[in-house]
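> Predicted model, plus sequence, below.
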Amino acid sequence: MSQNVSEFVLDRIQAWGVTRVYGYPGDGIGEFDGALGKADRAGEGVEYIRPTHEEIAALMATAHAKFTGEVGVCVATSSPGAFHLLNGLYDAQMDNQPVVAIVGQQGLAAVGTFTQQESNLERVFADVACYVQTITTPDSAGVIVDTAFRTAMLRKQPAVVVLPHDVQAMKWSTPGSEHWVSRSSDVPASTRITPPAEDVRKMAEIINAGERVTFLVGAGARGATDQVIAAAEKAGAGIITALRGKDVVPSDVPFHTQQVGLLGSRPSLTQIKECDTIVLLGTNYPYGEFLPKAGQARGIQVDIKPEQLGVRYPNELNMWGDVGATLDAVLPQLEQKSDLGWQEQLAEEMREWEAEMGRQAEVSYSDGVNPRRVIHAVNERLPEGVTVTCDAGTTADWYGHHIRLRRGMHGDMSGRLATMLAAMPYAVAAKFAFPDRPAVCTIGDGAFQMLGMNELITVKKYMHRWQDKQLVIVVMHNDDLGQVSWEMRTEDGNPMWRGSQDVETMDYAGYAELLGFQGIAVHSDDEVEAAVERAFAHQGVTLIDAYVSRSVPPLPPHITKEYAMNTAKSLLKGDPVELDVVKDSAKAMAADVVERAKGALGRD
């Protein structure tokens, strides 16, 4: 059968393993949308998911790549729709995810004539994409699509295919062997790269020589869970996970001390301060102040992204390779440590930290529910195989401090882009990626008003496709852009400013009920556990509208002099919620001190 270019491109992306695309229609991509519809009617198409905005489509494609390891695909029309993809594609770029965007363009004859909706899309996407090209002839369609997918997979970055409207409808035929015509391959290249044997031997020597070895593990180590644990057990190493790598190492590994930094644990801080060897595995952890001091520890880094090697710490050894393949090579050369005192110390400190987190969750506050208690209760009831997402506000602090992901669970957020926008699109994408498993979205009210409320409409439209219909959305309702308010206080010594920080309140549980979902409002601490129990007992969508305190401090494991002084300065300058901030910070720190004292007494 004869095909046009759109039909060929659709067949070609299916050859690359694509079974689902996230898109939003428009005339600039109209013929390609028509090919999608034709294939769908014939039962031969990819699953087409249309959220409420192109930005959400790109974020969902990024989440699909993160959760499945496949290439995420998003589709949009020409310039207005194409521009809307940018934030989601930057999410893919900064979190190293393979995504291919297919975007429309005005007809070739109109390019460069300033016609309506004609813009230089190659220039627009040049910064965000590792590869961006326009299909100008039917003969170029195959090589451009193939190169976009192969490059996105190898570089772990987004790629963009621009498809002009008139080209979409042109007749396609198999390219010949003429000059300038490329007959391309739709076969991916392997990324299972192993560093040279000499570097592997040196890696083993450095780890074997260490007495207090720490593995800092990121999302780039996904798929290498067993190798990471096996190497740590032989080396007597402690494990820290970056926030996006939280699900790489199960929480029940006793020497896994979760995250480090402002939303990390005290045992992780111990590791950073006391380790003599640090091994960075699949992470470009960006906060240098939470890495060992220069000269304190011998450093090794393993990463599939060569440009990210050696930019965070003065490593002794930088290894370009896949984490799993590299650990497979080094494991036989690692010596079994007989003294596991370092691991045992970290495991004991982690038990104390978990007790402290439990105590923090029990503190009562005067102006609303303790947000820690809500997330702590969610964590205690997480079902097997669940995916948990969070936004980049204070919810990320509670997620880092209280969520513990067991083997088989997934968790993620927008990492280096650190956007509040991704939590709900990620959770919905998780339901499409794993339609037989539950999902939980933890999200602040500011983020929920951005891209959360409208995505409940997408959920209503598509949830009939999911075998497991359980989706729990936990809205932290404090009428405040809380993370920014605390950043104003702790980083710059400025008081919270209501003009920028107040979020207009509304009945989120009632909104969920309008759409036919279960809505539960939580106004007091003693309602939390029952609400969470009810949510996880419901085989459907539940929104928990938790009216939480806006004054609970996201306390880091170590309160620096700068943190304390800047907070004091902000209060002296007239913070509008000064009294609550003082009272609630004092309560949180008191709980912190009590648990530390109990831990010390128990040891002594």
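It's in.
> which residue ranges form the strands in the stretch 101-250 of the chain?
Ranges of strands within the stretch 101-250 of the chain are 131-134, 158-164, 171-172, 213-217, 238-241, based on DSSP state E, counting those that start in this stretch.
> Show me what the first one packs onto, helices and strands only.
With contacts defined as 3 or more CB pairs under 8 Å, 6 or more residues apart in numbering; DSSP states H and E, the secondary structure elements packing on strand 131-134 are helix 121-125, helix 138-155, strand 158-164. C-betas here are computed from N, CA, C, even on glycine.
> Just the CA atoms of it, as CSV, please.
Extracted in CSV, the C-alpha atoms of strand 131-134 (Å, rounded to 0.1, in the frame of the first residue of the first chain):
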residue,chain,number,x,y,z
TYR,A,131,19.2,16.9,17.7
VAL,A,132,16.6,19.0,15.9
GLN,A,133,15.9,18.7,12.1
THR,A,134,13.2,19.5,9.7
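> So what touches that strand?
105, 121-122, 125-126, 144, 147-148, 151-152, 159-164 (CB atoms under 8 Å, 6 or more residues apart in numbering).
> switch to 10 Å and redo it
Identification of contacts with strand 131-134 by CB atoms under 10 Å, 6 or more residues apart in numbering yields 100-101, 103, 105, 108, 111, 121-126, 140, 143-145, 147-152, 155, 157-164, 167.
> which ones are touching the residue nearest in space to the middle of the chain?
With distances taken as CA atoms, centre = their mean, Met413 lies nearest the centre of the chain, 2.6 Å away. Met413 makes contact with 63, 66, 91, 95, 243-244, 246, 388-392, 395-396, 399-400, 419-420, 422-423, 426, 442, according to CB under 10 Å, 6+ apart.
> Which one of the strands of the stretch 101-250 of the chain lies nearest to Gly81?
Checking these against Gly81 by CB to CB gives strand 158-164 as the closest, at 12.3 Å.
> Now do the closest one against helix 138-155, angle only.
170 degrees (axes from the mean of the first three to the mean of the last three CA atoms, to 10 degrees).
> pLDDT score for Tyr365?
We note a pLDDT of 91 for Tyr365 in this prediction.
> How about Arg465: what's its closest non-neighbour residue?
Pro435 (6.4 Å; CB to CB, 6 or more residues apart in numbering).
> hang on, that neighbour packs against Ala429?
No. Applying CB atoms under 10 Å, one finds Pro435 not in contact with Ala429, separated by 11.2 Å.
> Look at these two and report which has more neighbours.
Ala429 (33 against 15; other CB atoms under 10 Å).
> Averaged pLDDT, the stretch of helix or strand the more buried one belongs to. What do you get?
In this assignment (DSSP states H and E), Ala429 forms part of helix 423-433. Helix 423-433 comes out with an average pLDDT of 97.
> Could you name the helices and strands sitting against the next helix or strand after that helix?
As assigned by DSSP H and E, the chain's next helix or strand after helix 423-433 is strand 439-444. Strand 439-444 sits against helix 371-380, strand 387-390, helix 394-402, strand 410-412, helix 423-433, strand 471-477, strand 541-547, with contacts defined as 3 or more CB pairs under 10 Å, 6 or more residues apart in numbering; DSSP states H and E.
> so what strands line up beside the last one?
When pairs are called by DSSP bridges, strand 541-547 turns out to pair with strand 471-477 (parallel), strand 518-522 (parallel).
> Can you name the residues in contact with the last one?
Contacts with strand 518-522, where a contact means CB under 10 Å, 6+ apart, come from 368-369, 373-374, 377, 472-475, 477, 507-513, 527-532, 534-535, 538, 540-548.
> Can you select the buried ones from those in ChimeraX?
To isolate the buried ones among the contacts of strand 518-522 in ChimeraX, judged by 16 or more other CB atoms under 10 Å, type:
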select :368,369,373,374,377,472,473,474,475,477,508,509,511,512,527,528,529,531,532,535,538,541,542,543,544,545,546,547,548
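> need the strands of the stretch 101-250 of the chain in TSV with mean pLDDT, mean neighbour count and distance to Gly452, can you?
Shown next, in TSV, are those (pLDDT from 0 to 100; neighbours: other CB atoms under 10 Å; distance: least, CB to CB, whole Å):
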stretch	mean pLDDT	mean neighbour count	distance to Gly452
strand 131-134	98	19	30
strand 158-164	98	27	24
strand 171-172	95	16	41
strand 213-217	98	29	30
strand 238-241	98	30	26
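> nearest to Arg312, of those strands?
That would be strand 213-217 among those, by CB to CB, at 9.6 Å.
> which other helices and strands contact that closest one?
helix 197-209, helix 225-235, strand 238-241, helix 266-274, strand 277-281, strand 298-303, helix 341-362.
> Compare the ones you listed and give me the one nearest Leu405.
strand 238-241 (9.4 Å).
> ok, the residue nearest to Ala509 when sequence neighbours are not counted to Leu456 distance?
With sequence-adjacent residues excluded and distances taken as CB to CB, 6+ apart, Ala509 is closest to Gly519, at 3.2 Å. To Leu456, Gly519 is 10 Å away according to CB to CB, to the nearest Å.
> tell me, what's touching these two both at once?
473, 508, 511-512, 541, 543.
> for these, which one is nearest Lys273?
Ile473 (38.1 Å).
> Run a quick neighbour tally on Arg183.
11.
> Surely it and Pro175 touch.
Yes. Under the criterion of CB under 10 Å, Arg183 makes contact with Pro175 at 5.4 Å.
> Would you mind listing the residues touching both of the two?
With CB under 10 Å, 6+ apart as the test, Arg183 and Pro175 both reach 139, 142-143.
> Looks like Gly510 contacts Val475 (just checking).
No. Using CB under 10 Å, Gly510 is not in contact with Val475, being 11.9 Å away.
> Now the common contact residues for the two.
By CB under 10 Å, 6+ apart, the residues touching both Gly510 and Val475 are 519, 543, 545.
> Now the phi/psi pair for the residue lying farthest from the centre of the chain, please.
Most distant residue from the mean C-alpha position of the chain: Glu178, 45.3 Å away (CA atoms, centre = their mean). Phi and psi for Glu178, reported as degrees, to the nearest 10, are phi -70, psi 160.
> Which pLDDT does the model give Asp502?
So Asp502 comes in at 81 (pLDDT).
> Then Ala530?
Note on Ala530: pLDDT of 98.
> Check the one 5 residues further on too.
At Ala535, the predicted lDDT confidence score is 98.
> begin at 7 from here
Got it, the first residue is 7 from now on, which makes the last one we talked about Ala541.
> Spit out the contact partners of it.
Counting by CB under 10 Å, 6+ apart, Ala541 has contacts 383-384, 387, 446, 476-480, 524, 526, 547-550.
> for those, which one is nearest Leu411?
Of these, the one sitting nearest to Leu411 (CB to CB) turns out to be Val446, at 10.9 Å.
> closest to Met209 among the shared contacts of Gly525 and Leu462?
So of the shared contacts of Gly525 and Leu462, ranked by how close each gets to Met209 (CB to CB), first place is Ile479, at 43.6 Å.
> Now do the same contact list for the closest one.
Ile479 touches 395, 429-430, 433-434, 445-449, 454, 458, 461-462, 465, 514, 518, 523, 525, 541, 547-551, counting by CB under 10 Å, 6+ apart.
> now swap in Pro273 and tell me
Pro273 neighbours (CB under 10 Å, 6+ apart): 244, 246, 261-264, 266, 351-360, 563.
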